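Chemist: Fold the following.
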Amino acid sequence: MHQDETWKAQVRKNKGLVLSIDGIQPDRGNEPIYLVCDVLTGRIVTADNVTQSTQARLKQVLALGLPVSGVISDAQSTALQAVADLWPGTPHQICQFHALREAGRLIFVLDQRTKTAMRVRLQQKTHEYRQNLHTRMQEARATKQAREEELPQLAVLEEYAAMGEAALNVESLAPFDYGGLPMQEA
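Modeler: Residues are numbered from 1 along each chain as shown. Got it, this is the predicted structure:
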């Protein structure tokens, strides 16, 4: 980064960096990786594993030695303070996705609870119904007592019950994709 004169010339032309700062954790329990990108040039300025997301450690990650004219980050308090300390008076915006996700957290939690309650209430019933259908289908095949149209009807009912069970496992993704309503509709 420090040897790339062409990029540094572009940064000067842009009157500084507009940084996007995001801490990602690839797997739960692993160290977060902080990605720092220049929004104006699209360049990843730094990507650094950190064992601690402290203000002091983030200031080390963010010490770039280049002028910064704006910052976008999540609302993590240590990141907010590190940015304020490093670049006082520099415009700093909270990432809209993170802000919306936080604003929608209450409805997301309620959606999860509703889905769980529906799943608990219906999953055992649909599972028992499918087992009953399988038993009826096996008995009908074994005894040859079923009319010709009964087996296809039982197969349709079993497929319908399987779709009902699958609908109980609709996932949600914050901030806008809630699974409770599609689950209810299905």
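Chemist: Buried ones in the helix or strand of the chain with the lowest mean pLDDT, by neighbour count?
Modeler: Using mean pLDDT, DSSP states H and E, helix 180-185 stands out as the lowest-scoring helix or strand of the chain, at a mean of 76. For helix 180-185, a neighbour-count test (16 or more other Cβ atoms under 10 Å) marks 180, 183 as buried. For every residue, glycine as well, the C-beta is placed using N, CA and C.
Chemist: ok, and what's touching it?
Modeler: Residues from elsewhere that reach helix 180-185 (Cβ atoms under 8 Å, 6 or more residues apart in numbering): 111-112, 114-115, 118, 167-168, 170, 172.
Chemist: Stretch 159-179 too?
Modeler: The contact list for stretch 159-179, computed with Cβ under 8 Å, 6+ apart, reads 97, 100-101, 103-105, 107-108, 111-112, 115, 118-119, 122-123, 126-127, 129-130, 133, 180, 182-183, 186.
Chemist: Whichever of the residues you listed end up buried, select them in ChimeraX.
Modeler: Buried residues among the contacts of stretch 159-179 (16+ other Cβ under 10 Å), as a ChimeraX selection:
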select :101,108,111,115,118,119,126,129,130,133,180,183
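Chemist: what's the next secondary structure element after the strand or helix carrying T116?
Modeler: Per DSSP states H and E: T116 is located in helix 105-143. Moving toward the C-terminus from helix 105-143, the next helix or strand (DSSP H and E) is helix 150-167.
Chemist: centre of the chain versus that following helix, how much separation?
Modeler: 32 Å (Cα atoms, centre = their mean, to the nearest Å).
Chemist: buried ones in that helix?
Modeler: For helix 150-167, a neighbour-count test (16+ other Cβ under 10 Å) marks 154, 157-158, 161, 164-165, 167 as buried.
Chemist: May I see these arranged in TSV, with pLDDT and distance to A47 as well?
Modeler: Shown next, in TSV, are these (pLDDT from 0 to 100; distance: Cβ to Cβ, whole Å):
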residue	pLDDT	distance to A47
L154	81	56
L157	85	54
E158	86	50
A161	84	48
G164	81	45
E165	82	42
A167	81	40
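Chemist: Next, count neighbours for S69.
Modeler: Neighbours of S69 under the rule other Cβ atoms under 10 Å: 15.
Chemist: Could you find which two of the contacts of helix 180-185 are furthest from each other?
Modeler: Farthest-apart pair in the contacts of helix 180-185 is Q112 and A167; separation 15.9 Å (Cβ to Cβ).
Chemist: Just the closest of the contacts of helix 180-185 to C37, please.
Modeler: So of the contacts of helix 180-185, ranked by how close each gets to C37 (Cβ to Cβ), first place is S172, at 28.1 Å.
Chemist: Find the nearest non-adjacent residue to that closest one, please.
Modeler: Nearest residue to S172, sequence neighbours excluded (Cβ to Cβ, 6 or more residues apart in numbering): G179, at 4.1 Å.
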